[in-house]
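*Asks:* whatever this is, show me its structure:
(one chain, ligands or ions: 1)
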Amino acid sequence: MRAWTLNSAGLTLSPSHPLPSAGAASSTSPSATTPPTITGNNLLLKIAHASLNPVDLHILRLFPHWLPFRRNPTPGFDFCGRVVSAGPGVDANEFTVGDVVSGALGAADVFWGKGSLAEYLLVSSSLVAKKPKTWGAGGKEVTGQEAVGLFGIAGQTAVLMTQTAGVSSAADWKGKKCLVNGASGGVGNILTQILKGKGAEVWGTTGSAEGEELVTRCGGKVVNYKTHNPVTEHLGRLFGEEKLDFVFDCAGSQEMFTKSPGYLKTEGKFISIVGGASQGVVPYIRNKLRPVWLGGTPRAFELLLLIPGKKTVREVGMLVEEGVIERGVVDGVWEMEELVKAYERLGSGRAKGKVVVRVSE
Ligand SMILES: NC(=O)c1ccc[n+]([C@@H]2O[C@H](COP(=O)([O-])OP(=O)(O)OC[C@H]3O[C@@H](n4cnc5c(N)ncnc54)[C@H](OP(=O)(O)O)[C@@H]3O)[C@@H](O)[C@H]2O)c1
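*Replies:* You can find the predicted model right below:
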């Protein structure tokens, strides 16, 4: 099979460490590797699409390819493909050969280098959901390139964020005022759709015209952080009287949390997924543990880390079937050979939806 393997020093996007270009491409081009063998409750998938996430870049930067446990690793978390065969432990009522399934690998698999940018992938059946045929009942067909990001890290993280809000019933979401910071990104656009689909009032920040169009299409009201700078002052004007119930931060803004008493209710929650350079240690201590009398911000703060799994991946499937999520937003589709270009697009921080790679037909 064809798979991407990493066998030269990692991918960094700073000007002093440019991306591997044509010269280095020979060491990172698709190479022949051995197909995996099937065991336990695993599924062997023929992968059609993979999609990329910012965490891929962190792993490429932080974990050398020469570590003994990850020699020539294959990167990538998200996958969508067809079941080629199923291990003896797989429940035949759940998955059979020919099903199209999608999901995200766990961090351990990717650290060990068994990522999704490979034509064949062995994956635990607990990490996948069947791709719904249509958007809602009888809607348009859900394609593999749309599904891969939804069932991957981005969609599962959006689900985790809504679950963390602690709103127990659909009726309780009605009229809740929510701000999604970074609403045009891979996670943000899905989160915007879910919140809107559940009946919340949603505002989404973006700094571009394409982002504005996307946020609107996903059901959000636009807050442009470039035309309203500093955006926190604008939020104070917008929500000073009637404050927000939730701020969901998919862009990583410490100032947005520190200033949140100006626009977030006293009992509101600030839910972030961006840990920053300290991998979350600094914001966790500063925002969650620091008491108000030591300068802490008097608002509840949650910092989440997604562990992909059955609960979140299958919830994505239900939300698509129920018509709560109405679209999979694809920034672009790159061929397998164009992976470096796809990573460059992701690394630009400007992707509108998911960066998708076509792995095979
Ligand atoms: N904790 C977890 O488990 C977890 C899981 C998934 C992702 N994450 C993290 O969440 C973040 C978002 O991930 P993603 O996949 O959504 O990224 P992404 O798709 O690469 O996000 C790109 C988008 O971010 C927007 N953006 C950039 N700077 C912004 C700012 N200052 N304010 C508002 N929007 C801004 C851009 O919109 P404009 O061009 O319009 O500004 C662009 O559309 C990343 O840091 C990622 O590492 C964490």
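
*Asks:* which ones are touching residue 257?
*Replies:* 247, 249, 270, 272, 287, 297, 299, 301 (Cβ atoms under 8 Å, 6 or more residues apart in numbering). Glycine gets a C-beta too; all of them are placed from N, C-alpha and C.

*Asks:* so which of the residues you listed also contact the ligand?
*Replies:* Among the contacts of residue 257, not one lies near the ligand by Cβ under 6 Å from any ligand atom.

*Asks:* now, those that are in strands?
*Replies:* With strands taken from DSSP state E, the overlap with these comprises 247, 249, 270, 272, 301.

*Asks:* which of these lies closest to residue 225?
*Replies:* residue 249 (12.3 Å; Cβ to Cβ).

*Asks:* quick revisit: quick check, nearest of the contacts of residue 257 to residue 69?
*Replies:* Distances from residue 69 to those, taken as Cβ to Cβ, are shortest for residue 272 (30.7 Å).

*Asks:* can you report phi and psi for the nearest residue to residue 218 once chain neighbours are set aside?
*Replies:* Excluding the flanking residues, the one nearest residue 218 by Cβ to Cβ, 6 or more residues apart in numbering is residue 192, at 4.2 Å. Main-chain dihedrals, residue 192, degrees, to the nearest 10: phi -60, psi -40.

*Asks:* on that earlier part again, rebuild the ones in strands among the contacts of residue 257 as a markdown table, extending it with pLDDT and neighbour count.
*Replies:* Converted to a markdown table, those look like this (pLDDT from 0 to 100; neighbours: other Cβ atoms under 10 Å):
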| residue | pLDDT | neighbour count |
| --- | --- | --- |
| 247 | 98 | 27 |
| 249 | 98 | 26 |
| 270 | 98 | 24 |
| 272 | 98 | 27 |
| 301 | 97 | 21 |
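
*Asks:* wasn't residue 123 part of a helix?
*Replies:* No. Assessed with DSSP: H, G, I helix; E, B strand; the rest coil, residue 123 is strand; it does not lie in a helix.

*Asks:* could you number the chain from 13 rather than 1 from now on?
*Replies:* From this message on, residue numbering opens at 13, which makes the last subject residue 135.

*Asks:* for it, which non-adjacent residue is closest in space?
*Replies:* residue 55 (5.7 Å).

*Asks:* name the element residue 157 belongs to?
*Replies:* helix 156-163 (DSSP states H and E).

*Asks:* chain center to that helix: distance?
*Replies:* The chain centroid and the centroid of helix 156-163 are separated by 11 Å, computed with Cα atoms, centre = their mean, to the nearest Å.

*Asks:* which strands and helices sit next to it?
*Replies:* The contact analysis (3 or more Cβ pairs under 8 Å, 6 or more residues apart in numbering; DSSP states H and E) places helix 156-163 against strand 54-63, strand 90-98, strand 112-116, helix 198-209, helix 322-333, strand 342-347, strand 366-370.

*Asks:* the residue nearest to residue 135: neighbour count?
*Replies:* The number of residues packed near residue 55 is 27, by other Cβ atoms under 10 Å.

*Asks:* how near is it to residue 202?
*Replies:* 24 Å (Cβ to Cβ, to the nearest Å).

*Asks:* kindly report the same for residue 244.
*Replies:* From residue 244 over to residue 202 (counting by Cβ to Cβ), the distance is 25 Å.

*Asks:* between the two, who's got more neighbours?
*Replies:* Neighbours around residue 244 and residue 202, counted as other Cβ under 10 Å, are more numerous at residue 202. The numbers are 32 against 18.

*Asks:* the more buried one and residue 338 touch, don't they?
*Replies:* No. Residue 202 is beyond contact range of residue 338, at 10.4 Å (criterion: Cβ atoms under 8 Å).

*Asks:* the helix holding residue 157 near the ligand anywhere?
*Replies:* No. On the criterion Cβ under 6 Å from any ligand atom, helix 156-163 is out of touch with the ligand, staying 8.4 Å away.

*Asks:* contacting residues around the nearest residue in space to residue 179 that is not next to it in sequence?
*Replies:* Spatial nearest neighbour of residue 179, chain neighbours left out: residue 185 (5.3 Å); criterion: Cβ to Cβ, 6+ apart. Applying Cβ under 8 Å, 6+ apart, we find residue 185 in contact with 179, 207, 210-212.

*Asks:* most neighbours, which of these?
*Replies:* residue 207 (30 neighbours).

*Asks:* surely the residue nearest to residue 135 and residue 141 touch.
*Replies:* No. Applying Cβ under 8 Å as the test, residue 55 and residue 141 come out as separate, 11.8 Å apart.

*Asks:* and the spatially most central residue of the chain, how far is that from residue 201?
*Replies:* Among the residues of the chain, the one closest to the centroid is residue 166, at 1.8 Å (Cα atoms, centre = their mean). From residue 166 across to residue 201, the span is 8 Å (Cβ to Cβ).

*Asks:* what about the closest residue to the ligand within the stretch 63-212 of the chain, how many neighbours?
*Replies:* Nearest to the ligand in the stretch 63-212 of the chain, going by Cβ to the nearest ligand atom, is residue 197, at a distance of 2.7 Å. Residues near residue 197, counting by other Cβ under 10 Å, number 27.

*Asks:* so which bits of stretch 181-197 are buried?
*Replies:* Neighbour-count burial for stretch 181-197, counted by 16 or more other Cβ atoms under 10 Å, picks out 185, 188-197.

*Asks:* now do the end-to-end distance for that stretch.
*Replies:* Terminal residues of stretch 181-197 are spaced 27 Å apart (Cα to Cα, to the nearest Å).

*Asks:* cool, and stretch 215-235?
*Replies:* OK, stretch 215-235 end separation, Cα to Cα: 7 Å.

*Asks:* which bits of the stretch 163-312 of the chain sit near the ligand?
*Replies:* So the stretch 163-312 of the chain meets the ligand at 165-166, 169, 193-194, 196-200, 217-220, 223, 237, 262-264, 285-286 (Cβ under 6 Å from any ligand atom).
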